[in-house]
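> Here is my input, please return the structure:
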Amino acid sequence: MRRLYDLIKGYVRLEIQGKDLEKFLNYLVRNDIELWNVVRIEDIIYVNIKLKDFKKIRKYVRNSSCRVKIQQKKGTPFLINRLINRRMLVVGVIILVVIIHLLSSFVFFIEIEGVTAENQEEVRELLTEFKIRPGVLKSSIDLEQLEDLILQKKSQFAWSNAYFQGTKLVVELAEKELIDMDIIPSDVVADKSGVINELIVLQGTPVVEEGMTVKAGDLLISKEVVVKSEKDEGDEKLEEAEDNEEKIVIETKEVRAEGLVKAHVWYEGYAEAKLDNTFLQATANSKFSNIIKFENKEVIITGPKEPPYSQFAVEEEVKSLPKWRNIDLPIELIRRRYIELKEFRATKDVEIAKKIAKERAIDDVLEKINQEAKILNSELKLIKLEQENLIRIKALIEVEEDIGTRREELIEVD
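This next block holds a predicted model:
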């Protein structure tokens with residue numbers, strides 16, 4: 001912090017030559033002249049001194065046999081002085097910075113991305129209508145409002161994003177993917193069996209009620225609805241109202257059924273775990289066979305011709321002959337190893353086997369349940385214990401989920 005203060009106030013680095021240099025420095029220190037970074041090279045001493053103390057040492061220099069020369073000038077006062085001497089350069093830099101700042105406040109380019117050339121022209125015309133063109137101030141453009149206006153005016157766009165990139169206005173757009181097809185009226189049917197818990201019909205006619213049990217494929221919401229309308233006397237479907245002479249027609253039309261049908265559904269999972277497991281493990285016994293293979297024929301040179309063990313594993317190391325004059329010889333050298341395997345039996349604790357079977361049963365039933373389903377109850381049931389060396393567990397889970405699915409056909413329009 002002290003050196004930073006000295007840099008702000010300014011200091012000089014002196015080069016001192018002559019006789020009795022140490023005596024001269026001691027004399028300065030005794031007169032409250034602060035010195036630092038003192039370096040002596042042969043008969044020359046380099047030292048830093050504050051700018052305000054430089055004028056004070058003149059009288060001490062006259063009374064000594066030393067010569068003092070300024071080697072470096074450091075600090076803010078000298079920098080300011082240099083800037084004053086080069087004031088035209090400083091003024092030019094300031095003017096340049098101001099011009100750059102002013103120019104960066106304008107929009108000189110407009111770029112539209114993500115759409116076809118035809119739609120680009122439409123968007124440019126729309127921007128001109130909004131008085132957005134090269135040369136306008138950035139501050140006069142409300143980007144969020146611009147995004148909303150584009151979507152309101154141009155229905156073919158599904159998304160818009162506007163931002164500044166330097167002096168360029170970038171407008172990113174995404175066009176809607178329009179699928180030209182008619183959706184015919186359709187029913188809502190059950191895709192699972194269960195007990196209806198909640199029924200909300202948005203469109204169509206409900207066929208079931210809360211508390212009813214349904215099976216997969218049963219009709220839940222019908223596409224047929226009854227509509228009442230006024231008709232002329234000539235219409236055959238007239239029905240006079242009891243209180244007035246108004247003539248009303250009752251007719252049926254088909255719609256695209258919509259609704260939420262939540263039901264209690266039961267899922268079942270099953271798993272088992274063995275108490276005694278048998279497995280094969282390699283022993284230290286092994287035998288090798290060296291074989292020459294030509295195309296599909298094998299000739300055993302050394303070692304057993306048949307596997308020497310009743311239970312075994314085989315490892316092979318195959319080497320092919322190198323090419324000779326670009327001729328690939330179909331000959332392979334095979335070193336085959338027969339490893340003897342021995343059967344071992346391991347017995348699990350009953351509680352451990354139960355735990356394994358429970359985890360497997362739960363995993364099995366959870367794989368069948370949708371992530372959106374709400375689990376209400378769960379039950380684990382031990383089917384048979386230690387019969388056939390097995391622990392058998394059945395998991396039952398009751399969930400609440402939407403069982404409605406659409407039964408419809410799509411007709412594409414050419």
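
> Quick one: low-confidence residue ranges for the stretch 151-300 of the chain.
177-183, 228-249 (pLDDT under 70).

> Can you spell out which helices and strands pack onto the top strand by length along the chain?
Across the chain, the longest stretch assigned as strand under DSSP state E is strand 276-294. With contacts defined as 3 or more Cβ pairs under 8 Å, 6 or more residues apart in numbering; DSSP states H and E, strand 276-294 has these neighbours: strand 297-302, strand 331-347. The C-beta positions use only the backbone N, C-alpha and C, and glycine is treated the same way.

> Spell out, range by range, the helices that occur in the stretch 301-414 of the chain.
350-366 (DSSP state H, counting those that start in this stretch).

> that older thread, closest to residue 28 out of the helices and strands packed on strand 276-294?
Nearest to residue 28, of all those, is strand 331-347, at 92.7 Å by Cβ to Cβ.

> Report the strands that pair with that closest one, each with its relative direction.
strand 276-294 (antiparallel), strand 312-320 (antiparallel) (DSSP bridges).

> residues touching the residue lying closest to residue 347 once chain neighbours are set aside, list them.
Once flanking residues are discounted, residue 347 sits nearest to residue 276: 5.2 Å by Cβ to Cβ, 6 or more residues apart in numbering. Counting by Cβ atoms under 8 Å, 6 or more residues apart in numbering, residue 276 touches 345-348, 389.

> filter these to the buried ones?
With burial judged by 16 or more other Cβ atoms under 10 Å, the buried subset of the contacts of residue 276 is residue 348.

> Among the contacts of residue 276, find me the one that's closest to residue 106.
Once Cβ to Cβ is applied, the member of those that ends up nearest residue 106 is residue 348, at 79.4 Å.

> For that closest one, grab phi and psi.
Backbone torsions of residue 348, given as degrees, to the nearest 10, read phi -90, psi 150.

> leaving aside the residues next to it on the chain, what's closest to it?
The shortest distance from residue 348 to any residue other than its chain neighbours is 5.4 Å, reached at residue 275 (Cβ to Cβ, 6+ apart).

> And the one you found, its phi and psi?
Torsion angles, degrees, to the nearest 10, at residue 275: phi -80, psi -40.

> how about it, what does it touch?
347-348, 350, 353, 386, 389-391 are the contacts of residue 275 under Cβ under 8 Å, 6+ apart.

> With distance to residue 71 as added columns, please give these in a markdown table.
Below are the contacts of residue 275 laid out as a markdown table (distance: Cβ to Cβ, whole Å):
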| residue | distance to residue 71 |
| --- | --- |
| 347 | 93 |
| 348 | 90 |
| 350 | 94 |
| 353 | 91 |
| 386 | 100 |
| 389 | 98 |
| 390 | 97 |
| 391 | 94 |
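
> By pLDDT, rank those residues and give me the bottom one.
The lowest pLDDT within the contacts of residue 275 belongs to residue 386, with 52.

> Name the strands paired with the helix or strand harbouring residue 221 and say parallel or antiparallel.
In this assignment (DSSP states H and E), residue 221 forms part of strand 219-222. The pairing partners recorded for strand 219-222 under DSSP bridges are strand 187-190 (antiparallel), strand 205-206 (antiparallel).

> Distance from it to the middle of the chain?
Here the centre of strand 219-222 is set off from its chain's centre by 41 Å, with Cα atoms, centre = their mean, to the nearest Å.

> And stretch 153-168, by the same measure?
Using Cα atoms, centre = their mean, the offset of stretch 153-168 from its chain centre is 24 Å.

> what distance separates the start and the end of that stretch?
Taking Cα to Cα, to the nearest Å, stretch 153-168 runs 23 Å from one end to the other.

> ok, back up a step: out of the strands paired with strand 331-347, which gets nearest to residue 22?
Nearest of the strands paired with strand 331-347 (Cβ to Cβ): strand 312-320, 86.1 Å.

> if we can go back for a sec, I'd like the strands paired with strand 331-347 as a markdown table, with distance to residue 46 appended.
As requested, these are exported to a markdown table (distance: least, Cβ to Cβ, whole Å):
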| stretch | distance to residue 46 |
| --- | --- |
| strand 276-294 | 82 |
| strand 312-320 | 78 |
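
> returning to that earlier point: what angle separates the longest strand of the chain from strand 297-302?
100 degrees (axes from the mean of the first three to the mean of the last three Cα atoms, to 10 degrees).

> Pull out the buried positions in strand 276-294.
By 16+ other Cβ under 10 Å, the buried positions in strand 276-294 come out as 289, 291.
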